[in-house]
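> Structure here, sequence nowhere to be found:
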């Protein structure tokens with residue numbers, strides 16, 4: 001199985017500048033790959049493969065200094081992302097389910113992660129060593145169990161984090177015969193089949209007044225100014241806080257359910273259709289119904305997930 005460990009990074013100012021430059025280099029490369037594919041298709045009527053773009057990348061690295069300052073596997077991962085975007089586009093085009101969504105250019109600041117796929121990174125003495133960057137202080141609050149496969153560096157607002165994808169063998173746990181059903185709601189977060197009610201914390205509603213004030217301060221700021229950037233970060237941090245509160249609540253509740261029950265039935269709701277009702281959309285999103293169906297603890301292999309529409313239980 002694959003498990004992800006996420007840690008906070010504390011880079012120095014110079015290291016942060018290098019990481020920012022790598023993100024910008026990858027963003028420009030991503031957009032350039034889209035341009036090359038579009039041009040090649042218009043000229044030849046055929047698509048440009050990832051292998052062909054790798055050959056172009058080798059040639060460009062001899063002439064463009066920014067590419068040489070970024071690890072080769074990080075650059076190759078950009079090509080994989082471009083290929084993945086096109087495969088998803090053609091799949092949606094084939095399925096004819098809504099808009100296909102042609103791959104779009106990444107605006108400044110919209111490319112927020114880079115990936116070391118096999119090498120170029122290591123952990124030693126509480127620091128993360130990254131090729132082309134250096135030794136970055138790592139807040140490793142728990143040990144890593146398993147074999148590290150990839151290292152993903154992600155920028156969230158103004159902070160950097162590292163995510164290690166680890167391959168490990170989970171220890172089998174005894175499955176309890178106790179059963180429980182979950183009925184989602186708005187007034188109450190959920191009502192369990194044993195009569196227990198989980199109160200809805202409504203984190204967004206509680207922070208809405210503060211969000212409105214911060215948003216009003218952001219709106220009149222001139223686009224592109226430093227004051228607008230600072231105000232935008234303040235608003236983004238507040239939204240991030242609400243998101244973290246919601247995830248923490250859902251994680252604790254799911255952990256408690258999985259520890260006590262072996263068979264868990266979750267109401268199968270058509271959330272996309274329900275949020276079209278504008279009177280309920282905000283409350284539904286605030287409750288996080290979509291995340292409930294994919295509780296990380298319920299998916300840990302401890303229990304069964306039953307959906308109303310599926311006639312047979314689906315093991316997760």
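Structure's in. What do you need? Note that the structure is a prediction, hence the values are computed from the model and not measured.
> Go through stretch 137-144 and flag the buried ones.
138, 140 (16 or more other C-beta atoms under 10 Å). Where C-beta positions appear, they are placed from N, C-alpha and C, glycine not excepted.
> check contacts around the spatially closest residue to residue 159 that is not a sequence neighbour.
Distances taken as C-beta to C-beta, 6 or more residues apart in numbering place residue 8 nearest to residue 159, at 6.9 Å, with adjacent residues excluded. Under the criterion of C-beta atoms under 8 Å, 6 or more residues apart in numbering, the neighbours of residue 8 are 138-139, 159-161.
> what kind of secondary structure is residue 237 in?
What DSSP: H, G, I helix; E, B strand; the rest coil gives for residue 237 is helix.
> excluding its backbone neighbours, what's nearest it?
In space, residue 237 is closest to residue 157, 5.9 Å off (C-beta to C-beta, 6+ apart).
> and the gap between that neighbour and residue 55?
Residue 157 sits at a distance of 37 Å from residue 55 (criterion: C-beta to C-beta, to the nearest Å).
> for residue 266, same thing?
Residue 266 is 48 Å from residue 55, by C-beta to C-beta.
> These two: which has the busier surroundings?
residue 266 (22 against 10; other C-beta atoms under 10 Å).
> The host helix or strand of the residue nearest to residue 159 pairs with which strands?
In this assignment (DSSP states H and E), residue 8 forms part of strand 2-10. Using DSSP bridges, strand 2-10 pairs in its sheet with strand 134-139 (antiparallel), strand 159-167 (antiparallel).
> helix or strand right after the last one?
This means strand 159-167. strand 179-184.
> How about the first one?
Following strand 134-139 in sequence order, the next helix or strand is strand 147-156 (DSSP H and E).
> what helix or strand is residue 46 on?
Per DSSP H and E, there is no helix or strand for residue 46.
> Sorry, slip of the keys, the one I care about is residue 231.
Short version: residue 231 belongs to helix 226-260, going by DSSP H and E.
> could you point out which element follows that helix?
strand 263-266.
> picking that back up, test my guess that the residue nearest to residue 237 contacts residue 240.
Yes: using C-beta atoms under 8 Å, residue 157 is in contact with residue 240, at 6.2 Å.
> picking that back up, show me what the helix holding residue 231 is packed against.
Under the contact definition 3 or more C-beta pairs under 8 Å, 6 or more residues apart in numbering; DSSP states H and E, helix 226-260 sits against strand 179-184, helix 203-218, helix 289-292.
> Need the contact partners of the second one.
To tie it back to what came earlier, the one meant is helix 203-218. Everything outside helix 203-218 that qualifies as a contact, by C-beta under 8 Å, 6+ apart, is 228, 231-232, 234-235, 238-239, 241-242, 245-246, 249, 282, 285-286.
> So for the chain, the centremost residue is which one?
By C-alpha atoms, centre = their mean, the chain has its centre lying nearest to residue 154, at 9.3 Å.
> Write down the beta-bridge partners of it, one by one.
With DSSP bridges as the rule, residue 154 is bridged to residue 113, residue 161.
> Quick check: pLDDT value at it.
Per-residue confidence (pLDDT) for residue 154: 96.
> State the distance from it to residue 126.
20 Å.
> and residue 88, that's in a helix?
Yes: applying three-state DSSP, one finds residue 88 inside a helix.
> can you pull the buried residues of stretch 201-210?
Buried-residue list, stretch 201-210, by 16+ other C-beta under 10 Å: 201-204, 207.
> whoops, I mixed them up, stretch 174-192
For stretch 174-192, by 16+ other C-beta under 10 Å, it's 180-182, 184-185, 189-191.
> go on, stretch 237-256?
So stretch 237-256, judged by 16+ other C-beta under 10 Å, has buried residues 238, 242, 246, 249-250, 253-255.
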